[in-house]
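Student: no letters, just coordinates:
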DNA sequence: TCAGTTAAGTACTAATCGGTTCAGAACTCT
DNA sequence: AGAGTTCTGAACCGATTAGTACTTAACTGA
């Protein structure tokens, strides 16, 4: 009942996500967001709440879309395969010509003013969560004998996340997939037997 | 001649640097900057030009101060020592309680709106420059027989920079020096003979 | 047909953004 | 003691910020 919505909520959210990805949370103004979404501010507020909630939904969509490689990687049969899939996925997403360079979760709000502390904290949690899931997967690998008994799952997960973040910054800096794949190889050289 | 300046230009710049470090370029407002510097906007404009030039000078100061570990690392006698000093320096600076967490050059403007493209590009160059200097140092190491003849200086430098950037993000995420030092160890496992 | 409901577009808010103008105040040189 | 120069602080600038009121348009169910 009532007047039907004239725009596609998913498509508009996808476009908003890309703006946040390219500009960061604070760098993305409502004017630019709504222009990209093809709707007015009024429609945005009615459909998503406010800028912060729009970002939260955009981040969710990012996790289910461009960043889905994390979840996929966790399903690989061996710890080593998980690690490689994770890093190659990061390279692929951060350098894809279909989206902005870099990682939304990294450039969204690494540093920010006080007003957007909530978004800053949200991203800290989001980034840490990926590390926790990797850690759990590596712990299982130790239990299964896939990783040596003296391997430290937490250290391995943190190292993977660190290289992943580094890849995101390098991608934002202009490095392409070929160069970043070499970095993945270098990072895997120290992988436990 | 004329009325003497009532504030210490270096000290005010140091304080501005820390604000940029914590907030990023766009996240640092003139109001917060000048409040931290202890001067009015007028004095800031007279002494430094404008916000962008203030940031450029702050970045210079950052390079000569907190980020001086890069230059120091290059002077180590062996390539391996250079790499370790570089990464440990990154850990030290990004987790120091004396300054904000993370790296000014990373969180300064990874993503930004169009207006601050100049600052964005400046930071891209600044970050790349460190990589180039590492690469040259590693190339020399190959020439001197310090690194094996088949080692790739550019790849090694890029890997170091990637881990360094990752460390900066992890520090901004709340990881401390002890945990990050473990990451440095992990990164060095694949170092060529 | 018409009441009820919801969306869209315009025009607006108060606050803040980076940046400037201008009137004094504080100094040096003659 | 001037005159000339430079700094400080407050008041001000237009533009932009996120966020809203309000009118009009488009639909559904009775």
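Tutor: Structure's in. What do you need? Everything quoted here is computed from the prediction, not taken from an experiment.
Student: so which strand or helix has the residue nearest to residue A:79 when sequence neighbours are not counted?
Tutor: Excluding its sequence neighbours, the residue lying closest to residue A:79 (C-beta to C-beta, 6 or more residues apart in numbering or on different chains) is residue A:141, at 3.7 Å. C-beta here means a position set from N, CA and C on the backbone, and glycine is covered the same way. Element membership of residue A:141, judged by DSSP states H and E, is helix A:117-143.
Student: next one: that helix to chain centre, how far?
Tutor: For helix A:117-143, the distance from its own C-alpha centre to the chain's C-alpha centre is 12 Å (C-alpha atoms, centre = their mean, to the nearest Å).
Student: what's it packed up against?
Tutor: The contact analysis (3 or more C-beta pairs under 8 Å, 6 or more residues apart in numbering or on different chains; DSSP states H and E) places helix A:117-143 against helix A:51-64, helix A:69-74, helix A:79-95, helix A:104-107, helix A:153-172.
Student: list the buried ones in the second one?
Tutor: It refers to helix A:69-74. Buried residues in helix A:69-74, defined by neighbour count with 16 or more other C-beta atoms under 10 Å in any protein chain shown: A:69, A:70, A:73, A:74.
Student: before we move on, what about the third one?
Tutor: Judged by neighbour count using 16+ other C-beta under 10 Å, the buried positions of helix A:79-95 are A:79-80, A:82-91, A:93-95.
Student: how near is residue A:111 to chain B?
Tutor: Per C-beta to the nearest C-beta, to the nearest Å, residue A:111 is found 4 Å from chain B.
Student: same check, this time on residue A:89
Tutor: To chain B, residue A:89 is 16 Å away according to C-beta to the nearest C-beta.
Student: ditto for residue A:39
Tutor: Computed as C-beta to the nearest C-beta, the residue A:39 to chain B distance reads 20 Å.
Student: just give the closest residue to that residue, not the sequence neighbours.
Tutor: Nearest non-adjacent residue to residue A:39, counting by C-beta to C-beta, 6+ apart: residue A:7, 5.2 Å away.
Student: would you check that residue A:119 makes contact with residue A:55?
Tutor: Yes. Taking C-beta atoms under 8 Å as the definition, residue A:119 is a contact partner of residue A:55 at 5.9 Å.
Student: touching both of the two, which residues are there?
Tutor: By the contact definition C-beta atoms under 8 Å, 6 or more residues apart in numbering or on different chains, residue A:119 and residue A:55 are jointly contacted by A:25, A:108.
Student: quickly find the element holding the closest residue to DNA strand C within chain A.
Tutor: Residue of chain A nearest DNA strand C, by C-beta to the nearest atom of the strand: residue A:2 (2.1 Å). Assigned by DSSP H and E, residue A:2 falls within no helix or strand.
Student: now do the contacts for it.
Tutor: Contacts of residue A:2 by C-beta under 8 Å, 6+ apart: none found.
Student: that one and DNA strand D, how far apart?
Tutor: Distance of residue A:2 to DNA strand D, computed by C-beta to the nearest atom of the strand, to the nearest Å: 5 Å.
Student: ok, residue A:133 next?
Tutor: 31 Å.
Student: just to revisit the earlier point, who has more neighbours, residue A:119 and residue A:55?
Tutor: residue A:55 (27 against 21; other C-beta atoms under 10 Å in any protein chain shown).
Student: mind listing what's buried along stretch A:32-43?
Tutor: By 16+ other C-beta under 10 Å, the buried positions in stretch A:32-43 come out as A:32, A:33, A:34, A:36, A:37, A:39, A:43.
Student: can you list which of the residues you listed are found in helices?
Tutor: Using DSSP state H, A:32, A:33, A:34, A:36, A:37, A:43 are the members of those that sit in helices.
Student: number of nearby residues for the nearest residue to the first one once chain neighbours are set aside?
Tutor: Taking C-beta to C-beta, 6+ apart, and ignoring the residues beside it in sequence, residue A:32 has residue A:19 as its nearest neighbour in space, at 5.9 Å. When counting by other C-beta under 10 Å, one arrives at 22 neighbours for residue A:19.
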